[in-house]
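J.: Got a sequence here, can you build the structure:
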Amino acid sequence: MDNPNFHWFVAIVVALLLIYTIGAAASRVIGRQLIAFLEALIDRIPFVQTIYSASKKLIGVLQQQPGGAARVVLVDFPHSGMKAVGLVMRTFADANSGEELAAVFVPTTPNPTSGYLIIVPVKNLVPTVMTMDQAMTMILSGGAITPDSISISARA
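T.: Sure, this is the predicted structure:
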């Protein structure tokens, strides 16, 4: 075939496949080595390592699949009558009374890697039907993007 358009088409397809293959190999081998090198470098800086490690763990928890321990709730914060979006990270029993408590992370807007850790009785949590993605979108947008409806009263 002496059609110049066909030759150009084949050349473009081959070039794109070559670029994709090189990119895939680089991201799997060189990319991982680069990330490992940068993390090892960060591990040598005491204060930065602490913040990086905590942020990395938080992001890992937030990226868990549905059905994990983390769930979205509303809590009275910073005082009664005001509600904040909180992420239940785990539940545990009070050492003295045996009451079920929850460690709730209340992320700040627009940087959800910082926030407040509050201990709240589970009975005071207002469950939501929000997914973790919806909650993070709401937090990052400063409330500009929210679900169509949210109830701030506990379900009976």
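J.: drop to CA atoms for contacts and neighbour counts, all remaining ones
T.: Will do.
J.: I would like the residues contacting the helix or strand of the chain with the lowest mean pLDDT, please.
T.: Between all helices and strands in the chain, the lowest mean by mean pLDDT, DSSP states H and E belongs to helix 46-62, at a mean of 74. Here helix 46-62 makes contact (C-alpha atoms under 8 Å, 6 or more residues apart in numbering) with Ile42, Asp43, Ala70, Thr113, Met132.
J.: mind checking the backbone torsions on the last one?
T.: With angles defined as degrees, to the nearest 10, Met132 sits at phi -60, psi -40.
J.: Surely it and Gly86 touch.
T.: No: taking C-alpha atoms under 8 Å as the definition, Met132 is not a contact partner of Gly86, at 10.2 Å.
J.: Which neighbours do those two have in common?
T.: In contact with both Met132 and Gly86: Val72, using C-alpha under 8 Å, 6+ apart.
J.: Give me the more crowded residue out of these two.
T.: Gly86 (28 against 18; other C-alpha atoms under 10 Å).
J.: helix or strand for that one, which one?
T.: Using DSSP states H and E, Gly86 falls within strand 83-93.
J.: mind listing what's buried in that strand?
T.: Counting neighbours by 16 or more other C-alpha atoms under 10 Å, one finds that the buried residues in strand 83-93 are Lys83, Ala84, Val85, Gly86, Leu87, Val88, Met89, Thr91.
J.: shouldn't Leu87 be in contact with Thr108?
T.: No: in this structure Leu87 lies outside contact range of Thr108 using C-alpha under 8 Å: 11.7 Å.
J.: which helix in the protein runs the most residues?
T.: Counting residues, the longest helix found in the chain (DSSP state H) is helix 4-25.
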